[in-house]
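In: what follows is a predicted structure for the sequence shown.
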Amino acid sequence: MAMTQDVVTVAQLTEFHEIVDVRSPSEYALDHVPGAINCPVLDDEERARVGAMYVRESPFQAKKLGAAIVARNIARHVETSFIDKPKSWRPLVYCWRGGQRSGAMTIVLRQVGWDARKLAGGYKAYRRHVAAEIDRLAPQLRLRVVCGPTGSGKSALLRALAAAGAQVLDLERLAAHRGSVLGELPGEPQPSQKMFESRLWWQLRGFDAVRPVYVEAESKKIGDVRVPESVIGRMWDSECILLETGRAARIALLLREYAHFMRDPALLAAKLDCLVALHGHARIERWKSLAAAGDWPAFVGELLADHYDPAYGKSTLKHYRRLAQARIVNVVSGEAREFERAALDLQGAATARSAAQHAAALD
């Protein structure tokens, strides 16, 4: 496909001051380029009206209606979203296929005097690029997988590592889910599969391939989203760090994570009902009674012993092939300072190893 002056490729996304998604709000909500703003030239209802006219009356009548609506919407965006932009502003505009919607916006912005460009192939080209780039980048990662049963402090260690300057791939943050039956984040719905992959790609592309990347051990699914095969496969083959955390510390860590369930017993009961097929009604009712009585340490302790720990044995121990050679990190109290010390130790060891490898390469 020949490139015209106002058309660029996905590889040039970072060359622009702003990315403008002119698709409808529902299209944008499903997935969009990270950081893009939504300035639809047709909203969902308008798009449906034009589409219905195209089918029921004629393409010509539909195009007239669409042109009038698009013109009004572009004018509104210029008067509101873009009115304060300087002449040097360089926006990149995209729609579904890189056709009429983004073309109309780009023409107007360029007529104003901004160096606006259109994304070749639109969102569809972007999606192909994301999938291909995840598969290309994943095998290059020097992953160090933080393993340990539920409540051992894996997420706490990742946060401490990030604060210490390490490269961290926090899949649970990208998925807005902690990965277990009680893993939903309060007030934060999970992204769509496509949006999760967009977030993942955006982070992968920023990593330095020479430095290690720390990631928490996960299963193939985190809540309702799937980890791409190239990423989970790389995780299974990578070096491991094993957290060995005392039972009291694990319970304390989970009690902090489950604070929202303590405030909403009905939500907790609904989540526990999802486990009836695994544990039977009697055990689920016992867990509900412990929660209703406010005996949270006993509730969490039984959940660990009867649900989480057996699942850990079946999943992590099976898939992470280098777990037997893992570096052990002992966690006694579960306090933040303990994870901070562990992160600094791991960072120091990684720096020393890199220096030794560099020296060996020079010999």
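Out: That came in fine, so what should we check first? Numbers count the residues shown, from 1 in each chain.
In: which parts of the stretch 251-363 of the chain are helices?
Out: Ranges of helices in the stretch 251-363 of the chain, per DSSP state H, counting those that start in this stretch, are 259-263, 265-273, 276-292, 296-303, 309-319, 336-362.
In: next, format those as JSON lines and append mean pLDDT and distance to residue 133.
Out: Every residue, glycine included, has its C-beta placed from N, CA and C. As requested, the helices of the stretch 251-363 of the chain are arranged in JSON lines below (pLDDT from 0 to 100; distance: least, Cβ to Cβ, whole Å):
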{"stretch": "helix 259-263", "mean pLDDT": "88", "distance to residue 133": "35"}
{"stretch": "helix 265-273", "mean pLDDT": "91", "distance to residue 133": "35"}
{"stretch": "helix 276-292", "mean pLDDT": "95", "distance to residue 133": "38"}
{"stretch": "helix 296-303", "mean pLDDT": "95", "distance to residue 133": "39"}
{"stretch": "helix 309-319", "mean pLDDT": "83", "distance to residue 133": "24"}
{"stretch": "helix 336-362", "mean pLDDT": "75", "distance to residue 133": "26"}
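In: turn these into CSV, including mean neighbour count and distance to residue 29.
Out: Output for these, formatted as CSV (neighbours: other Cβ atoms under 10 Å; distance: least, Cβ to Cβ, whole Å):
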stretch, mean neighbour count, distance to residue 29
helix 259-263, 14, 24
helix 265-273, 14, 24
helix 276-292, 14, 32
helix 296-303, 19, 34
helix 309-319, 14, 32
helix 336-362, 14, 35
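In: secondary structure class for residue 98?
Out: coil (DSSP: H, G, I helix; E, B strand; the rest coil).
In: one more: residue 84?
Out: Counting by three-state DSSP, the backbone at residue 84 sits in coil.
In: what about it, neighbour count?
Out: As a burial measure, residue 84 scores 7 neighbours (other Cβ atoms under 10 Å).
In: next one: it from residue 114, what distance?
Out: 12 Å (Cβ to Cβ, to the nearest Å).
In: now the helices: where do they sit in the stretch 1-150 of the chain?
Out: Under DSSP H, counting those that start in this stretch, the stretch 1-150 of the chain gives helices at 25-30, 44-56, 59-79, 100-112, 122-137.
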